[in-house]
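Student: need a structure here:
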Amino acid sequence: MSHVSVEARPVALVIDDDQDTVDLLEIVLTQAGFEVVTATNGADGIALALEHHPTLATIDVTMPGMDGLEVTRRVREATSTYIVIISSRSQEHDVLAGFDAGADDYVPKPIRPRELQARLAAAARRPISSITDGSAEAWEPAAAHPSPPSDLHLVAPDRSTQAEGGHDGPEGMHERGVRFVGSWIEFNGLRINPSRDLLVVDDRLANALPEQVKLIETMLYAGTSTLGWRQLALRYRGQTEETSTRSPLEDRAWFDSEMEGLLALIGDDDAQPRWFRVRNGRLKLVDPTG
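Tutor: Next up, the predicted model:
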């Protein structure tokens, strides 16, 4: 277990029992602007996490003794670090297990240094300096945020796109039970990672297009209010009636087509919807509490 002076730069923690991997990650992370501390087993890694509260941690899944998923869970419980799992296991269920344990990203072995550098620099579509500002969070109710997370593709709605009734934005999202964790947004078993264009439905990774992830993100912003097809289309594009590049007729056709495909993708039932109630060109989030 190594200790490094951590006063000058943000700290990255590497937990891996393979020395070659540790050496590589030290080089990559140092070049990315981090002070690096390392551990070769889970217990030492957790101790370093509690001591330094690193901005970023990479954790190997396969280690003797405590496995990386358990280490991830414990580090996530104790810190707000941005966790990247490094693993030779890259099947869908392995990736989902990593996210369920609290990871923010998942990088398969063998590591490609240039790819890893790019992913670190582009994490959550932000420069490395914004990853290292201590802003990563554990699961929090949406109402804890004064404004939507910076990863949201949305702009503050103009009067012409105001929702009907209820509350939209963080207040309404909180009332509906929407939660944020790291780069993820979760609603009653439906999870999206806007920065990675990922959609998970009941622990199943769905084959979603980036546009569909963005659409779900826009829909979740409705909170407890109701959005009409035109309002949703304008919000999705970040436009108003005055700046719209599409006619109402085009937007209604878009709404009908996109809703049909999206609801089929996530398996939402028209008769008894679980997440989104879509009726006569209007959208509302389902209340999970009934």
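Student: Beta-bridge partners for Ala206, please?
Tutor: Leu199 (DSSP bridges).
Student: That one: neighbouring residues, count only.
Tutor: 17 (other Cβ atoms under 10 Å). Yep, even glycine has a C-beta here, placed from its N, CA and C like the rest.
Student: residue contacts, it?
Tutor: Neighbouring residues of Ala206 by Cβ atoms under 8 Å, 6 or more residues apart in numbering: Leu199, Val200, Leu265, Ile266.
Student: Where does Ile185 sit: helix, strand or coil?
Tutor: Following DSSP: H, G, I helix; E, B strand; the rest coil, Ile185 is assigned to strand.
Student: Surely it is in contact with Gly177?
Tutor: No. Ile185 is not in contact with Gly177 according to Cβ atoms under 8 Å; the separation is 11.6 Å.
Student: the more surrounded of these two?
Tutor: More crowded of Ile185 and Gly177, by other Cβ under 10 Å: Ile185, with 25 against 15.
Student: Tell me how many other residues crowd the residue nearest to that one when sequence neighbours are not counted.
Tutor: Among residues not flanking Ile185 along the chain, Ile192 sits closest, at 5.3 Å (Cβ to Cβ, 6 or more residues apart in numbering). Look at Ile192: counted by other Cβ under 10 Å, it has 25 neighbours.
Student: beta partners of Ile192?
Tutor: With DSSP bridges as the rule, Ile192 is bridged to Ile185, Leu199.
Student: and it, what does it touch?
Tutor: Here Ile192 is in contact with Trp184, Ile185, Leu198, Leu199, Val200, Val213, Ile216, Glu217, Leu220 (Cβ under 8 Å, 6+ apart).
Student: now do Met219
Tutor: Residues in contact with Met219 (Cβ under 8 Å, 6+ apart) are Leu227, Leu232, Phe276, Leu283, Leu285.
Student: pLDDT at Arg237, what is it?
Tutor: Arg237 is assigned 91 on the pLDDT scale.
Student: go on, Pro248?
Tutor: At Pro248, pLDDT is 94.
Student: How about it: what's its closest non-neighbour residue?
Tutor: Pro248 sits nearest to Arg230 (Cβ to Cβ, 6+ apart), 5.7 Å away.
Student: ranges for the strands of this structure?
Tutor: For the chain, applying DSSP state E gives strands covering 11-15, 35-39, 56-60, 82-87, 105-108, 140-141, 179-181, 184-187, 190-193, 198-201, 204-206, 226-228, 276-279, 282-285.
Student: Out of those strands, flag the one nearest Gln239.
Tutor: Among the strands of the chain, strand 226-228 comes nearest to Gln239, with 14.3 Å by Cβ to Cβ.
Student: Distance from that closest one to the middle of the chain?
Tutor: Put simply, strand 226-228 sits 25 Å off its chain's centre (Cα atoms, centre = their mean, to the nearest Å).
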